[in-house]
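Q: predicted model follows, preceded by the sequence.
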Amino acid sequence: MRVAVIGGGPGGLYFAALAKQLSPNWEITVWERNAPDDTFGFGVVFSDETLDGIAQADPDVFDAMSEDFARWSDIDVRYKGQVLTSGGHGFAALGRKRLLQILQQRCAALDVDVRYRTQAPPVEELSAQYDLVVACDGVRSASRAAYADTFGPDLDERNCRYMWLGTDKVFEAFTFIVAEGDFGTLQVHAYPFDDRRSTFIVEIDEESWRRAGFEEFAARDYPPGTSDGDSIRLCEEILADHLDGHRLLPNNSKWISFTTVRNETWRHGNVVLLGDAAHTAHFSIGSGTKLAMEDSLALAACLHEHQDVDAALAAYEAERKPVVESTQRAAQASLEWFENVGRYTGQDPHQFAFNLLTRSRRVTYDNLRIRDEDFTDAVDARHALETASSVALPGRATAPPMFRPFRLGGLRLRNRVVAPPIALYTARDGVPGDFDIVHLSTQAIGGSGLVFAGMTAVSPEGRSTTGCPGLYTAEQEAAWSRIAEFVHQQSDTCLGIQLTHAGRRAATHTPRPDGSSTPLGAEGWPLVAASPLAWDANSTVPREATRADMDAIAGDFVTAAARADRAGFDVLELQYGHGHLLSGFLSPLTNTRSDEYGGTLAGRMRFPLEVLRAVREVWPAGKALVVRVSATDWAEGGTSEADTIEIARSLSEAGADAIDVSTGEVVAHQRPSYGRSYQTPYADLIRNATGVPVIAVGAISTYDDVNSIILAGRADLCAVGRAQLHDPLWTLHAAAAQGYSGAAAPWPASWKAGSGRPPGARSDRIPPRLQLLREPSAPVHQRWLPLVQARAVAAAAH
């Protein structure tokens, strides 16, 4: 095997060393354009997981790294004059220059041919001359560009500006600094990497960057290798209170924008991408060096395990790509949190710190409690007190966040869990039946604070399918009244109903398991929508709603709302999302009207607001009124973040007590980014940009996620859908799992015997003691105190 490696950074060198160890007869050549002692950047952070891999793969490299590690377990959050500390995290860092020295020495010992100060030949030439070409040539990879048609790169350049710096201040922990000024908000990601220096990354959103005066400095022409000294001096002034007289140290330091790199594939023939050439993840959740070295280990292993290059590269991509994509999802959440950090600067310091620590969704409420129980208890206690004051009831600091009450309009919900509207498709002629009783009463008994009946049409023409329930006849009203009375007899859970007109999504067959459906055809009915646009190529084209149509539809909503009140529902939800009729007015993709009900956002909102105001007039003030929206269309040219904020604010002003924040299903060509709690960021956006209460919904399935979302202030309520279909007693089981047995999760008297968590397999076994001397638990709080530690070692030796 002849192997060419383009780029002598940590990823390229580590791959070369591992591959040479496994196959000593391979000819491995590394091209590196810089000198061996040139380096950019400062420190590199590693997780324990990555270090375990390095220790197993190359003990010599691991031992050399370990000698120079700075180690600590604390995270300090500096915010509004306070320092809040969370422990138990575990970090190891060392200087990038030292890491390169270790890897260079290892390659030299293994006779890897590393050619410093040498530009690699073109990748096409290397591909023809070598059996394998490993392209580790960074974010702006020329190798990737040469085969862009195959690799399919997606380079997402963000708006925030950041600058890599060092400082001679030795921080004792991973430190997040949030500094506020007239210009806006600026944040720092800082951590120590030896006994003399720390990495110091300054990040700021573009508007604040301009207002602070950095744009003028950045516009100057800086020769290669020089730094933006004026910006650095201004950073020292802004951050003087945190630097304590220490200096910021430049190293080719200029303002840059972070680019998230993704590729459809990482391989082209015998050329394979590694590290930043293949992918990047925002520095706020770890270093690119860590990911690159994990790539190196996987690639070397796959080449060793497979007989030919094609099979090895396919195995490498199949193994690593899902891992990287998972990391990138977490990194994207973290990146967006810091881009919008100004959204959260009104939060209490404890909640802000918890929000920051759980921003990527990899660290959660339970996980943080395991790491540092005292910190989580302190955040918990403050939230419990705020909850108590907001509902004029005594708080329970011992209750998990999900079991704290919430005031929704004129109602008090006993907990934060919502059973969202579920389309059951079991109605006949719009009349709900026995299964609706079973479903809603079971959900209510199961412990949710609020349970919704789903997708109830305000007119026959407003039904999505023939199996959808309605609330437009006396028979339907009587059936719903019977259901509401039964549910209220069984539980004090609040009962809600969602009203809708399906618009262009009406008159379809019951959806298939994948969610798709087809028109009823001759059995259907005429469709009406904001504009004459069919859902897809196979769907019926609706007529554009006239003023008379709109008057009739608004009247149908008002009549249905009055029926819902008489039937005994506590909460009313209006469906303004998912491509139904009122959603069709809001989105620019589905509203192409040229009259006063189209065009600008104000025009598109006009009719939905008219309906809401009319419904609010007949819906009692003591009951709650909620509106569900699709906060994004997941399609180019659709509803923007600015639109979503204005829509939510306008709905609140028109009488909505809360916004149920969903996304998508507005157009058939949507491209949603599914994932765990994938819609929560939009609830977060609305809540923290407008102050309007929100319900988060979408792939929320664990009580840990619910607790995290509520405590971080991302939402006020959490709708748990499919998980409660899987387990209708989900909320009660969540209480039992957390050891909670208070009033927020009451078990029915007949089921009380089952309220405890049942014993598991072999739970009756008590293990014997097998250690003569117990190992002490690792301290929760470890600081990087090199001088103190050095003195302690010297004293012990003396």
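A: Structure received.
Q: show me where pLDDT drops low in the protein?
A: 388-397, 788-798 (pLDDT under 70).
Q: for it, what's the longest helix?
A: helix 309-339 (DSSP state H).
Q: what comes up buried for that helix?
A: Neighbour-count burial for helix 309-339 flags 309, 312-313, 315-317, 320-321, 324, 327-339 (criterion: 16 or more other C-beta atoms under 10 Å). Any C-beta I mention is one placed from the backbone N, CA and C, and that applies to glycine too.
Q: hang on, I483 packs against D436?
A: Yes - if you go by C-beta atoms under 8 Å, I483 and D436 touch, sitting 5.8 Å apart.
Q: okay, these two: which has more neighbours?
A: I483 (26 against 20; other C-beta atoms under 10 Å).
Q: which residues does the host helix or strand of that one contact?
A: Applying DSSP states H and E as the criterion places I483 in helix 474-490. The set of residues external to helix 474-490 that reach it, using C-beta atoms under 8 Å, 6 or more residues apart in numbering, is 429-433, 436-437, 440-441, 444-445, 451, 453, 469-471, 493, 495, 497, 563-564, 566-569, 748.
Q: flag every buried residue along that helix.
A: Across helix 474-490, burial judged by 16+ other C-beta under 10 Å covers 476-477, 479-481, 483-484, 487-488.
Q: and those residues, which is closest to L186?
A: In terms of C-beta to C-beta, no member of the buried residues of helix 474-490 lies closer to L186 than V487, at 51.6 Å.
Q: now do the closest one against A560, distance only.
A: Noted for V487: a distance of 19 Å to A560, by C-beta to C-beta, to the nearest Å.
Q: kindly report the same for N591.
A: In terms of C-beta to C-beta, N591 sits 23 Å off from A560.
Q: now do L368
A: For L368, the distance to A560 - C-beta to C-beta - is 44 Å.
Q: looking only at neighbour counts, state which of these two leads.
A: A560 (28 against 23).
Q: host element of that one?
A: With DSSP H and E as the criterion, A560 is inside helix 547-567.
Q: quick check: angle from the longest strand along the chain to helix 309-339?
A: If you go by DSSP state E, the chain has its longest strand at strand 153-167. Here strand 153-167 runs at an angle of 60 degrees relative to helix 309-339 (axes from the mean of the first three to the mean of the last three C-alpha atoms, to 10 degrees).
Q: may I see the buried residues of the next helix or strand after strand 153-167?
A: Scanning forward in sequence from strand 153-167 by DSSP H and E, the next helix or strand is strand 174-181. Applying a neighbour-count criterion of 16+ other C-beta under 10 Å, one finds 174-180 buried in strand 174-181.
Q: distance to A92 added to the residues you listed, as JSON lines?
A: JSON lines is the format used below for the buried residues of strand 174-181 (distance: C-beta to C-beta, whole Å):
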{"residue": "F174", "distance to A92": "11"}
{"residue": "T175", "distance to A92": "16"}
{"residue": "F176", "distance to A92": "18"}
{"residue": "I177", "distance to A92": "22"}
{"residue": "V178", "distance to A92": "25"}
{"residue": "A179", "distance to A92": "27"}
{"residue": "E180", "distance to A92": "32"}
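Q: which of those residues sit farthest apart?
A: F174 and E180 (20.8 Å).
Q: still on that earlier bit, mind listing which of the contacts of helix 474-490 are in strands?
A: Per DSSP E, the contacts of helix 474-490 map to strands at 451, 453, 495, 497.
Q: for ChimeraX, what selects the buried ones among these?
A: Buried members of the ones in strands among the contacts of helix 474-490, defined by 16+ other C-beta under 10 Å, are picked up in ChimeraX with:
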select :451,453,495,497
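Q: rewinding a little: of all the buried residues of helix 474-490, which comes closest to T118?
A: V487 (75.7 Å).
Q: how about the helices in the stretch 601-750 of the chain?
A: According to DSSP state H, counting those that start in this stretch, the stretch 601-750 of the chain carries its helices in the segments 601-618, 641-653, 680-690, 703-712, 722-726, 730-737.
Q: most tightly packed of these?
A: helix 703-712 (a mean of 26; mean count of other C-beta atoms under 10 Å).
Q: number of nearby residues for the closest residue to L100 other than its chain neighbours?
A: Once flanking residues are discounted, L100 sits nearest to T39: 5.9 Å by C-beta to C-beta, 6 or more residues apart in numbering. A count of nearby residues for T39, using other C-beta under 10 Å, gives 18.
Q: was I right to think T39 contacts R96?
A: Yes - using C-beta under 8 Å, T39 makes contact with R96 at a distance of 5.4 Å.
Q: thinking again about what came up before, what do I483 and D436 both touch?
A: A453.
Q: quick one: A699 and Y674, what's the gap?
A: 7 Å.
Q: comparing these two, which residue is more hemmed in?
A: A direct count of neighbours by other C-beta under 10 Å for A699 and Y674 places A699 higher, at 16 against 10.
Q: so who does the more buried one touch?
A: If you count contacts by C-beta under 8 Å, 6+ apart, then A699 has 674-679 around it.
Q: out of those residues, which are buried?
A: Applying 16+ other C-beta under 10 Å to these, the neighbour count classes 675, 677-679 as buried.
Q: out of the residues you listed, flag the one nearest to P768.
A: Using C-beta to C-beta, these come closest to P768 at S677, 42.0 Å.
Q: nearest residue to that closest one other than its sequence neighbours?
A: I700 is the one closest to S677 (C-beta to C-beta, 6+ apart), at 5.0 Å.
Q: distance between stretch 352-371 and the chain's centre?
A: 12 Å (C-alpha atoms, centre = their mean, to the nearest Å).
Q: find the nearest non-adjacent residue to A142, please.
A: A142 sits nearest to V123 (C-beta to C-beta, 6+ apart), 7.0 Å away.
Q: how close does R361 get to V261?
A: Separation of R361 from V261 (C-beta to C-beta): 22 Å.
Q: those two: who's more crowded?
A: Of the pair R361 and V261, V261 is the one with more neighbours under other C-beta under 10 Å, namely 24 against 20.
Q: okay, and that one sits in which element?
A: Using DSSP H and E, V261 sits in strand 256-263.
Q: who touches the nearest residue to A734 once chain neighbours are set aside in this structure?
A: Once flanking residues are discounted, A734 sits nearest to Y703: 3.7 Å by C-beta to C-beta, 6+ apart. Y703 sits next to 400, 402, 734, 737-738 when contact means C-beta under 8 Å, 6+ apart.
Q: can you tell me how far Y703 is from P405?
A: 17 Å.
Q: same thing with L126?
A: Taken as C-beta to C-beta, the span from L126 to P405 is 66 Å.
Q: what do you get for E67?
A: 55 Å.
Q: so which of the two has more stuff around it?
A: Legend: neighbour count by other C-beta under 10 Å for E67 and P405, higher for P405 (22 against 10).
Q: can you tell me how far that one is from N415?
A: P405 is 7 Å from N415, by C-beta to C-beta.
Q: what touches both of the two?
A: Shared contacts of P405 and N415 (C-beta under 8 Å, 6+ apart): 449, 744.
Q: need the max-distance pair from the buried residues of helix 474-490.
A: By the measure C-beta to C-beta, Q476 and H488 form the most distant pair in those, at 18.5 Å.
Q: which residues touch M293?
A: Going by C-beta under 8 Å, 6+ apart, the list of residues near M293 reads 10-11, 14, 50, 54.
Q: on that earlier part again, next up, the contacts around the residue nearest to S677.
A: 677, 680, 706, 709, 718-721, 723.
Q: thinking again about what came up before, restricting to C-alpha, output the helix holding I483 in CSV.
A: Output of helix 474-490 as CSV, limited to C-alpha atoms (Å, rounded to 0.1, in the frame of the first residue of the first chain):
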residue,chain,number,x,y,z
ALA,A,474,-76.3,19.3,18.1
GLU,A,475,-75.6,15.5,18.0
GLN,A,476,-71.8,16.2,18.0
GLU,A,477,-72.1,18.7,20.8
ALA,A,478,-74.1,16.1,22.9
ALA,A,479,-71.4,13.4,22.3
TRP,A,480,-68.6,15.8,23.3
SER,A,481,-70.6,16.8,26.4
ARG,A,482,-70.9,13.2,27.4
ILE,A,483,-67.1,12.7,26.9
ALA,A,484,-66.2,15.9,28.8
GLU,A,485,-68.5,15.0,31.7
PHE,A,486,-67.0,11.5,32.0
VAL,A,487,-63.4,12.8,31.9
HIS,A,488,-64.1,15.4,34.5
GLN,A,489,-65.7,12.7,36.8
GLN,A,490,-62.5,10.6,36.6
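Q: okay then, goodbye and thanks.
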